[in-house]
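S.K.: with the input below, show me the fold.
(4 chains)
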Amino acid sequence: MASPPRLTREKIDVVELLRAASGPGLGGTSIFLGTVRRSEDDGPVMAIEYSAYSEMVESEFEKILTEARDKWPDARFAVQHRIGRIPLGETSIAIIAATLHRTEAFEACRYVIEEVKARLTVWKKEIFEDGSEDWREGRERSADSS
Amino acid sequence: MASPPRLTREKIDVVELLRAASGPGLGGTSIFLGTVRRSEDDGPVMAIEYSAYSEMVESEFEKILTEARDKWPDARFAVQHRIGRIPLGETSIAIIAATLHRTEAFEACRYVIEEVKARLTVWKKEIFEDGSEDWREGRERSADSS
Amino acid sequence: MKVRCRLFARYAELAGLEEVEIELPGSATVADAVSRVRAMLRGGELIPKHTLVAVNHEHSPMDQVLHDGDELALLPPLAGG
Amino acid sequence: MKVRCRLFARYAELAGLEEVEIELPGSATVADAVSRVRAMLRGGELIPKHTLVAVNHEHSPMDQVLHDGDELALLPPLAGG
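M.R.: Predicted coordinates for the structure are as follows:
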């Protein structure tokens, strides 16, 4: 079975990703999902448009997973970032780490999402109900979506 | 929509549980899945039979979630434990915590699974390929399934 | 007073039953009830003296005082998740 | 030497273009290239001097030396996830 693409314009299918991360002996699975949301002081956001430096997303995802496999050799991972226009309430990113025991699953999943947030070349623009737009970048540190 | 039952004999449906834990503004969702696995020195286990003190499972789940909502007032949770005979590779428990930000999502999910492991009145028996059975309890601390 | 005593998982298998009613003097504790069960049931001595217990669906200590009509559950080491 | 310079997200919007080729002297650094881009593009001065950059798909420091044919990307604050 081909692994799911790491960058997609389609809806993220968690069940398909779970299949990709499953393996014999892996008793604990930690999943993180980031969901497009309206933050408190955003006004009437109706969607977020994600764009990416795609070639670099692929290579950076690969580096992050290589590091993670180094730290948790028994783990299996599945990751997917959606780009394009994503409506409120839908998933923009999914990270899955399946390991022998739950502590490692949480740690491995957390590691990957933190590195993704810090390193993945993805940007987002808020789309308001009146059609106006706003890059959501300066506020990232204090009012991150997830 | 009725919330999914906390104790079930059916396959766990993660997508249905995710719906139950979704809510406006919740940007980060952490999910833990426990999967029936064969541990290293188990021999030819083919399934695990889970049994429960059901009335107490319900009340203990309720207590754990009340504590969790106290700690993370904005969070939404969905939890489900499957009982009965579960084949290798299938999910025995799902914990979902959806919060505004990811740090709280991981912490809340982790809190609930740790309390569940410590307090939920559930037991498991390994079913071997030759039909023999073995309660998996004394070894819990060192060789837990997840 | 009468206490309804429930056994689960390996304990139920050891004793060959899931439930038994026991008669106890007033102000008996959980520990007293556990001793009674261990003595009266075939295989009962295989249930540890300091087993986990619940009274009326609450995890409880061994020195908790029981009341007429209580439901006492003897719980093997938990293994949920 | 020639360096292919790519702009993303808000930077691309500011400059009105996603890619530009720049000519630099040998042993020029990322910082030199960023100065050139800021000076040559309309709206370029709105790109911070110390922007995040990547060279050939690797996050890179401002003092990294460039080579002919390199792909330099100017990256607004990342916002993935």
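
S.K.: who's the closest residue to chain D within chain A bridged to?
M.R.: Across chain A, the shortest distance to chain D (Cβ to the nearest Cβ) belongs to A:Val122, at 3.1 Å. C-beta here means a position set from N, CA and C on the backbone, and glycine is covered the same way. Note on A:Val122: beta-bridge partners by DSSP bridges are A:Ala52.

S.K.: what about the residue in chain C positioned nearest to chain B, which helix or strand?
M.R.: Nearest to chain B in chain C, going by Cβ to the nearest Cβ, is C:Gly80, at a distance of 3.1 Å. Assessed by DSSP states H and E, C:Gly80 sits outside every helix and strand.

S.K.: any idea how far the residue in chain C positioned nearest to chain D is from B:Thr35?
M.R.: Using Cβ to the nearest Cβ, the closest approach of chain C to chain D is made by C:Gly81 at 28.4 Å. Taking Cβ to Cβ, to the nearest Å as the measure, C:Gly81 falls 10 Å from B:Thr35.

S.K.: now do A:Arg38
M.R.: Counting by Cβ to Cβ, the gap from A:Arg38 to B:Thr35 is 35 Å.

S.K.: is there proximity between the helix of greatest length in chain C and chain B?
M.R.: Scanning chain C for the helix with the most residues, using DSSP state H, yields helix C:30-40. No: judged by Cβ under 8 Å from any Cβ of the partner chain, helix C:30-40 and chain B are separated, with a smallest distance of 15.3 Å.

S.K.: what helix or strand is the residue of chain A positioned farthest from its centre on?
M.R.: Here chain A reaches farthest from its C-alpha mean at A:Asp130, the gap being 27.9 Å by Cα atoms, centre = their mean. Using DSSP H and E, A:Asp130 sits within no helix or strand.

S.K.: give the contact list for it.
M.R.: For A:Asp130, the contacting residues are A:Pro44, by Cβ atoms under 8 Å, 6 or more residues apart in numbering or on different chains.

S.K.: near the nearest residue to the residue of chain C closest to chain B once chain neighbours are set aside, how many other residues are there?
M.R.: Take C:Gly80 and drop its neighbours on the chain: the residue closest to it by Cβ to Cβ, 6 or more residues apart in numbering or on different chains is B:Val122, 3.1 Å away. B:Val122 has 27 neighbours, counted by other Cβ atoms under 10 Å in any protein chain shown.

S.K.: and if you look at A:Glu133?
M.R.: A:Glu133: 11 neighbours (other Cβ under 10 Å).

S.K.: what's the answer for A:Glu107, then?
M.R.: For A:Glu107, the neighbour count with other Cβ under 10 Å is 18.

S.K.: which non-adjacent residue is nearest it?
M.R.: Nearest to A:Glu107 is A:Trp72, by Cβ to Cβ, 6+ apart, at 7.5 Å.

S.K.: could you pull up the residues touching the one you found?
M.R.: Counting by Cβ under 8 Å, 6+ apart, A:Trp72 has contacts A:Ala97, A:Thr99, A:Glu104, A:Glu107, A:Ala108.

S.K.: so where is the chain shaky, pLDDT-wise?
M.R.: I went with chain A, as the question did not name one. A:1, A:39-42, A:138-146 (pLDDT under 70).

S.K.: residues of it that sit close to chain D?
M.R.: A:34, A:50-53, A:55-57, A:59-60, A:81, A:92-93, A:113, A:116-125, A:135-138, A:140, A:144-146.

S.K.: which positions in stretch A:30-50 come out as buried?
M.R.: Within stretch A:30-50, the residues that count as buried by 16 or more other Cβ atoms under 10 Å in any protein chain shown are A:30-39, A:45, A:47-50.

S.K.: wait, C:Arg6 sits on C:Ile22?
M.R.: No: taking contacts as Cβ atoms under 8 Å, C:Arg6 lies outside contact range of C:Ile22: 11.2 Å.

S.K.: sorry, back to before: mind checking which of the residues of chain A next to chain D are in strands?
M.R.: Among the residues of chain A next to chain D, the ones falling in strands (DSSP state E) are A:Gly34, A:Tyr50, A:Ser51, A:Ala52, A:His81, A:Ser92, A:Ile93, A:Val122, A:Trp123, A:Lys124, A:Lys125, A:Trp135.
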